[in-house]
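In: can you look at this prediction? I've put the sequence above it.
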Amino acid sequence: MKNVIPKKLKDAKYRFWRNITITDVLIIAVWVGLTIMFIFGFQWKLWIKLLSSSIMILISLPLIITNKKTNLKGWQCLYYKINFLFSYKKYSKNKTSLLVPYNKVIDDNYIATHGILKGTLKKTLIGAIKTKGFDITLLSSEEQILRLRDLQDVFKFANFPITFLKLELPLNFDDNIKYLQKQINKTQIRYKNNEIIFNQFVKITKQIKNNIAFLKKELIKINDEIKTEKCFFIFVYGNNQKDLNEKILFLEDKLYKGKINCNTLSNYEITKILKLIWNPYEKPLNKTYFNKNKDNLAKLLQFNYLNIKKNYFIANDLYYSINTIQDYPLFINDLWGACLFSNEQTIIWNINPLNYDETKKAINSAIQTTQTRQVMTKSYVNTNENNYELETYYHLIDEINGGGELLKNVNILFLNYGTNKKTLLQSQTRLTKALKEMDIKLNPLWYQQFNGLKGFIPYNNKVIIKKYGREMPTSTLAASFPFIDSGLYDKQGMYLGTNNIGNVVLWDQFKITSKRTNHNMFILGSSGMGKTYLLKKIINYHIQMGRKVIVIDPEREYQELCKYYDGNWIDAGDASIGKINPLQILDNNFIDELENTNSSPLSNHLRFLEQWFKTLYPDFNGREINLLTKYLKLLYHQFNITNNSNINKINNNDFPIMNDFYYLLEKEYKNNKNQLLKEFMDLIATDFLNDGKYQALWNGYTTIKFNNNFIVYDVYNLFDLDDKKTNAAQLILMLNIIKKEVKENRFKNDNEIVIIVDEAHLAIDKDNPVALNFMYQVTKRIRKYNGALVVATQNIADFVENETVLKKTTAIINNSQYSFIMGLKPNDLEKVINLYKSYGGLTSAEQDYIARSVKGQGLFFVSGFERYRIEIQANKKEKAGFGKKDN
């Protein structure tokens, strides 16, 4: 039996007929008795007395009929109405301060209450935790069960009152905007220092201002209505600081184990939230004003005035109404709490422990009453209802006695807002409709708004909780799981798009936390799903932030974006722009610096050249390679380059080139008529000199310049050649010089660098895994150099071709903090499922989402259980440099 919500135990009463209880019968009996006594006291004719009595009896019938609007009996409505008529309804500012139960702040994280409201509250301390959940629907069924059990433990072992608060706060991007404004200032400084040219300055500034405008206007409003984010808080109550601190630490520990992120709020943050409950759209409490009045919280939290009406109240020029839940279905679906929290209203959810022995007695009494009703009824429908109710109670007894289950007293209140009575009514109508779809009956608290107001203030008002509470098993509470993810809001993040429930995703690739430990990213998706569009968006933002971006572009997708930002576009296929001298030694060894070993630049480069020449000439044997290395070493010595040389101080034109190597071989051959030496001479002369096939590519000084923050290596022509050896050799050089730039970038004003490898499958070669090795090494080490590697592919098959390739691909994914999986074909999806097993795996829900994703949609992995179903979005101005294909 799953997710049971039993009838309120004290309401399990004998019913004479349908919903008529003993209480109803007694009220009618008293009414009839008083009526007869009153009427028969007159000297009327008998028939007039009988007629009058009959009329009065008929008039009394509405007293026992349930009002559909209030879900209360007529006599209950009458009682509350009379009570309302004789109560205070209008409160001035000074009097509203008496409704604030909070006294002053204690230390940094707590606020104290005082005994007010006619002794209904004893002095206590209050603390609060802010929580952020995740999309539990993306987890496997086994993982969901574990997480729900973790949450059940929170409810089960928290033997003290707690209050959940769900607050819809307007999206606030002030921190993001301030960060972007700082980037404008930095861009101006870079322009003044001649780090960028005028056109780059104009384009970057224009794009940053576009981002600011987007955050200020389009992103925070939809159809002229302000967009909000769901914020979750837990209030905890204690008798003293030690008691409260222990309770908060207990909750944090249990929530963390359940993968729910949380942090303790300061007393300023608590006070700010308490004030925002009544108007989430008002300007947050000023901290200076708070500090001046922190010993008089009533002054900060009081209303200017309060006017209580029948079914709403007015305060500070706003209209409010508070509703509670009158009745639940006997069985309720999973995630019912998330469904409740998806409504626009502010919600208070009080959860209080119940006495174990008293609970068992109450269940036993409810069983006896239900059994009596079962014997007395002749209706099949009523019999069936009673059977279900009895089964529920028996199940609860079994769970309590044998399964360690506990019942909690649960009370849920909803706060509706409106600028006038009409908008308030519309809000309440939407709530009623939403709850009706869940088979939940709402109590609008007619004539009880003052009680509702007192109950909505987080301070554990036991009178209110007892009056409107319902006993619930902790398993049902856990199954509610109200903490469905509420978007991603990194303060320095780029706007990536929205998730499946419409929340904003602002992602900072360079943010470091305990769960986000590097900046790397792996992107997967079939052709046409939007990988390049996503990459252009990412590149666009990094350029605006002043980061260095280097792109390896196999499909000539980024030429227009490069042109837009006056970047450095290099055709790696013909070296017409940007030649790389293979004989130039590069300071690109990550291991030396990180492991404090002695740098041996010449020895390292000789090993590199062995690999490079063997890539071009795979038939070279060991003896030939050793002889080649011997003469290369001699060449460097002639140029006074040794392991002790400071490579970074040697100019590009001071390194040897292939001409110099040929001249050395020629000179050595005159002194030593070695046949192998002669073959080397002929090889260098044929391939690298005299219009040889490699002369244009590799015989000359390095001309590539890294004085531009945006560099695109266009390898389209290179990959178009039907010569795998040339492709691999040039790719080795290109990746080698990129490694050098990554290492050097670390010392350039702590600047960050991003390496983009698009269509990475085109660079994967099982016979020459140079590109795979590069990605494997860089993902492990680039974080230490303030860098990020982003790898994108549409053909996952090349990444799992054999065990060696698969092993390194798995390592790349495991070393990539972020993944973005877009729509995939069934065969590719199967491979990805296997590939991500070591990364936490893909649940059936995630697999289904990926299979059904359309262009621009994907599953975004941030960390562990923090995964988002996202639709990538870019505004028109942002796409200005994307090119016609993506504009």
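Out: Right, received. Where do you want to start? Since the structure is predicted, the reported quantities are computational estimates derived from the model, not experimental observations.

In: mind saving the C-alpha coords of stretch 780-790 as CSV?
Out: Taking C-alpha atoms only, stretch 780-790 is exported to CSV below (Å, rounded to 0.1, in the frame of the first residue of the first chain):
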residue,chain,number,x,y,z
LYS,A,780,43.6,15.8,-16.5
ARG,A,781,45.8,18.8,-16.2
ILE,A,782,44.3,21.9,-17.8
ARG,A,783,42.5,23.0,-14.7
LYS,A,784,45.8,23.8,-13.0
TYR,A,785,46.4,26.2,-15.9
ASN,A,786,43.1,28.1,-15.5
GLY,A,787,41.8,26.3,-18.5
ALA,A,788,38.9,24.3,-19.9
LEU,A,789,38.7,21.7,-22.7
VAL,A,790,35.4,21.3,-24.5
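
In: what residues of that stretch count as buried?
Out: For stretch 780-790, burial by neighbour count (16 or more other C-beta atoms under 10 Å) applies to Lys780, Arg781, Ile782, Arg783, Tyr785, Asn786, Gly787, Ala788, Leu789, Val790. All C-beta atoms are positioned from the backbone trio N, CA, C, and that covers glycine.

In: in strands, which of the residues you listed fall?
Out: Taking DSSP state E as the definition of strands, these contribute Gly787, Ala788, Leu789, Val790.

In: nearest to Leu50 among these?
Out: Val790 (90.8 Å; C-beta to C-beta).

In: and stretch 95-103, how far out from the chain middle?
Out: 37 Å (C-alpha atoms, centre = their mean, to the nearest Å).

In: may I see the buried residues of that stretch?
Out: For stretch 95-103, a neighbour-count test (16+ other C-beta under 10 Å) marks Thr96, Ser97, Leu99, Val100, Pro101, Tyr102, Asn103 as buried.

In: would you mind measuring the gap between the ends of it?
Out: For stretch 95-103, the first-to-last residue distance is 15 Å (C-alpha to C-alpha, to the nearest Å).

In: likewise stretch 678-697?
Out: So stretch 678-697: terminal residues 23 Å apart, C-alpha to C-alpha.

In: what's it in contact with?
Out: 574-575, 579, 616-617, 627-628, 631, 658-659, 661-662, 665-666, 669, 698-699, 726, 730 (C-beta atoms under 8 Å, 6 or more residues apart in numbering).

In: Thr113 reaches Ile106, doesn't it?
Out: No. Applying C-beta atoms under 8 Å, one finds Thr113 not in contact with Ile106, separated by 10.4 Å.

In: who's more crowded, the two?
Out: Taking other C-beta atoms under 10 Å, Thr113 and Ile106 do not tie; Thr113 has more neighbours (21 against 17).

In: for the more buried one, phi and psi?
Out: Here is the backbone geometry of Thr113 (degrees, to the nearest 10): phi -100, psi 170.

In: and if you look at Lys247?
Out: According to degrees, to the nearest 10, Lys247 has phi -70, psi -40.

In: what's the nearest residue to it if we skip its chain neighbours?
Out: Of all residues not flanking Lys247 in the chain, Val236 sits nearest, at 5.0 Å (C-beta to C-beta, 6 or more residues apart in numbering).

In: any idea how far the one you found lies from Ile457?
Out: Going from Val236 to Ile457 by C-beta to C-beta, to the nearest Å gives 15 Å.
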